[in-house]
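Novice: Dropping a prediction and its sequence here:
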Amino acid sequence: MRLPDPSLEPAIRDPKKLHNTALILVGIMVVGGWLVLAAYGKWSSSKSQDDRPAMVYRITPERDLRMLRQDGKEAEIVHLRGKVIAVNVTSLRDPQAADLSHAVMKRLAESRAATENFHLISLVVDPIPSEKLAATLSEAATARDIKLPQWWLGSNEPKTLHKFIKNELKAKHLS
C-alpha cells in the first residue's frame, strides 16, 4: 500500500475563480446554442425553396395495391407505373373532415386535366361491405365529381388498406 506524499497540500477553493469559470461555461453554451440556431435557420431557409414532393414512391409489383374503383373494375396502382400520382386517404363517413383534402385534389385535377401522365387516387378507408362497395364508390364519385380516367376513387378491405398506407405511404396514424 502506498502512502500519500506528506509534502502535498489540499487545494484551496477560490469562490471567485469558480464563479468566473461557471460564467464562462454558461457564455459558451449560450453562444454555441445561438450559433446552432442560426445555422439551422440558414439551412431551413435554403430548403424552403425545394419544390420536390414530400414523398417519392416507386411502384413495384411486390408492393402494389389492388382496389375496386368507382366504375366497378379492379385496378392496381402498378398499372400507373411511370406516371405522376397524387394519393390521398379519405373517409366517406365524415365528409366534412375530408373536404379540405378533397378540395386540394379537385384543384390538382382541374389544373392538370390536360396532363396525360398525371393521376389522382383517393383511397376510401371506411369498412364497407364488399357487396355494397361498388355502388358506394360509384355514388361517392358522382357526388364528389371524381372522374375516370384521371381520378380514381377506390377501396379494398380496411386491413389491406391500412397495411398499404402504413408500410408504403409511411403514415404514422390512421383513425
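Specialist: Now that the structure is in, tell me what you want to look at. Residues are numbered from 1 along each chain as shown.

Novice: show me where the chain has helices.
Specialist: Assigned by DSSP state H, the chain shows helices spanning 15-47, 95-111, 130-144, 158-167.

Novice: Can you list the neighbours in contact with the second one?
Specialist: Yep, that's helix 95-111 we're talking about. With contacts defined as C-beta atoms under 8 Å, 6 or more residues apart in numbering, helix 95-111 is touched by 86, 88, 90-92, 118, 120, 122, 144-145, 147, 150-151. Just so you know, the C-beta spots here come from the backbone N, C-alpha and C atoms, and that holds for glycine as well.

Novice: can you do 10 Å?
Specialist: Here helix 95-111 makes contact (C-beta atoms under 10 Å, 6 or more residues apart in numbering) with 86-92, 115, 118-122, 124, 140, 143-147, 150-151, 175.

Novice: got JSON lines for the helices of the chain, with mean neighbour count, distance to Met67 and mean pLDDT too?
Specialist: Listed next are the helices of the chain as JSON lines, based on neighbours: other C-beta atoms under 10 Å; distance: least, C-beta to C-beta, whole Å; pLDDT from 0 to 100:
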{"stretch": "helix 15-47", "mean neighbour count": "10", "distance to Met67": "34", "mean pLDDT": "94"}
{"stretch": "helix 95-111", "mean neighbour count": "13", "distance to Met67": "16", "mean pLDDT": "84"}
{"stretch": "helix 130-144", "mean neighbour count": "15", "distance to Met67": "9", "mean pLDDT": "87"}
{"stretch": "helix 158-167", "mean neighbour count": "15", "distance to Met67": "8", "mean pLDDT": "83"}
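
Novice: Out of those helices, which is closest to Glu76?
Specialist: Minimum separation from Glu76 across the helices of the chain (C-beta to C-beta) falls at helix 158-167, 11.5 Å.

Novice: separation between Ser45 and Leu8?
Specialist: 57 Å (C-beta to C-beta, to the nearest Å).

Novice: Break the protein into its domains for me.
Specialist: When the chain is parsed with automatic domain parsing, its domains come out as 15-46, 61-167.

Novice: how distant is the first one from the center of its chain?
Specialist: So the one you mean is domain 15-46. Centre-to-centre, domain 15-46 and its host chain are 34 Å apart (C-alpha atoms, centre = their mean, to the nearest Å).

Novice: Same check on the last one?
Specialist: Centroid separation between domain 61-167 and its chain, computed with C-alpha atoms, centre = their mean, is 17 Å.

Novice: Count the neighbours of Thr60 for me.
Specialist: Residues near Thr60, counting by other C-beta atoms under 10 Å, number 10.
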